[in-house]
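# missing the sequence, but the structure's below:
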């Protein structure tokens, strides 16, 4: 080794690696959203539960005598535990009693809900509606651009009420069914399970585009099932309409008060 040459020093000659201050990958926190909701028949079906068109979040009628209330009351929720919802729109639509009948928007409210909060809204009905068939259908649609679960943004109410002391223990209810598609299609009608003897006919039919038909819901109260005027036994019979692909078209519920 040449004594005049400096000794090789690896520690000072090789470039140093940049220091690593963090060995972990930082994942951005997911963007949290509000979850505006109402009792939704779509959500019930998706979850494998049996839906009812006697919506627990919509009030439209008095039971006896069966009559429309002067205003429809609606309850909506923000299910998010941490994010508020600002300037959500709540639309009220009315439609004739039946399955697949056309709904029209009659009123809209703008609301804001804190995380985990609920709000009760009241929609006065016009005199022309109050003077008509009390079996109106109501759909509530909630609109918000950042909603986390759109499946629970729409819920409907479509009920008919009957008392056995008035209509007997053997009843038939005619239900209008409309094909609101732009082409002909098969509509299948299903009855949610009940301890009453019920059937619907026809249960399967092909409808032309825009065609309206009627099906007959037959209800027979079993002899062992009795109530009284002061203590009626309540049952609900729900009919669901589906398209050929299983898609939900609509539904109705008859509330039966067994008071004899």
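That came through fine. It should be emphasised that the depicted structure is a prediction, and the values quoted were computed from it without experimental measurement.
# Spit out the contact partners of residue 55.
38-39, 138, 155-157 (CB atoms under 8 Å, 6 or more residues apart in numbering). Where you see a C-beta, it was placed from the backbone N, CA and C, and this is true even at glycine.
# try 10 Å this time
38-41, 74-75, 138-140, 155-159, 253 (CB atoms under 10 Å, 6 or more residues apart in numbering).
# Closest one to residue 176 out of those residues, please.
The nearest member of the contacts of residue 55 to residue 176, counting by CB to CB, is residue 158 at 10.7 Å.
# Pull the number of nearby residues for that closest one.
Neighbouring residues of residue 158 were enumerated by other CB atoms under 10 Å; the total is 28.
# Over to residue 236?
For residue 236, using other CB under 10 Å, the count is 15.
# What strands line up against the host helix or strand of it, and which way round?
If you go by DSSP states H and E, residue 236 is part of strand 233-242. Partner strands for strand 233-242, per DSSP bridges, with pairing direction: strand 185-191 (antiparallel), strand 248-258 (antiparallel).
# Centre-most residue in this structure?
By CA atoms, centre = their mean, the chain has its centre lying nearest to residue 40, at 1.6 Å.
# Now do the same contact list for that residue.
So residue 40 contacts 46-47, 51, 55, 57, 140, 142, 149-156 (CB under 10 Å, 6+ apart).
# Residue 66: which of these is nearest?
Nearest member of these to residue 66, counting by CB to CB, is residue 55, at 16.5 Å.
# any idea how far residue 183 lies from residue 209?
Residue 183 sits 5 Å away from residue 209, going by CB to CB, to the nearest Å.
# Tell me which of the two has more neighbours.
residue 209 (11 against 8).
# so that one makes contact with residue 100?
No - in this structure, residue 209 is not within contact of residue 100 by CB atoms under 10 Å, at 11.6 Å.
# Need the winner for burial among the strands paired with strand 233-242.
strand 248-258 (a mean of 22; mean count of other CB atoms under 10 Å).
# How far off centre is it?
Here strand 248-258 is found 14 Å from its chain centre; the criterion is CA atoms, centre = their mean, to the nearest Å.
# I'd like the numbering to begin with 33 instead of 1 from here.
Happy to do that; since the first residue is 33 now, the last one works out to strand 280-290.
# Mind checking the pLDDT average for it?
Confidence over strand 280-290, taken as the mean pLDDT, stands at 97.
# how about stretch 161-176: buried residues?
Neighbour-count burial for stretch 161-176, counted by 16 or more other CB atoms under 10 Å, picks out 161, 166-176.
# follow-up on the earlier one: so which of the contacts of residue 87 sit within strands?
Of the contacts of residue 87, the ones assigned to strands by DSSP state E are 106-107, 170-172, 187-191, 285.
# out of the residues you listed, who's nearest residue 271?
Nearest to residue 271 among the ones in strands among the contacts of residue 87, with distances taken as CB to CB, is residue 285, at 7.8 Å.
# Show the contacting residues for the closest one.
83-87, 189-193, 224, 268-272 are the contacts of residue 285 under CB under 10 Å, 6+ apart.
# Now list the buried members of these.
For the contacts of residue 285, buried by 16+ other CB under 10 Å: 83-87, 189-193, 224, 269-272.
# re earlier: only whichever of the contacts of residue 72 are buried, select them in ChimeraX.
Burial among the contacts of residue 72 is assessed by 16+ other CB under 10 Å; the matching ChimeraX selection reads:
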select :83,87,89,172,174,184,185,186,187,188
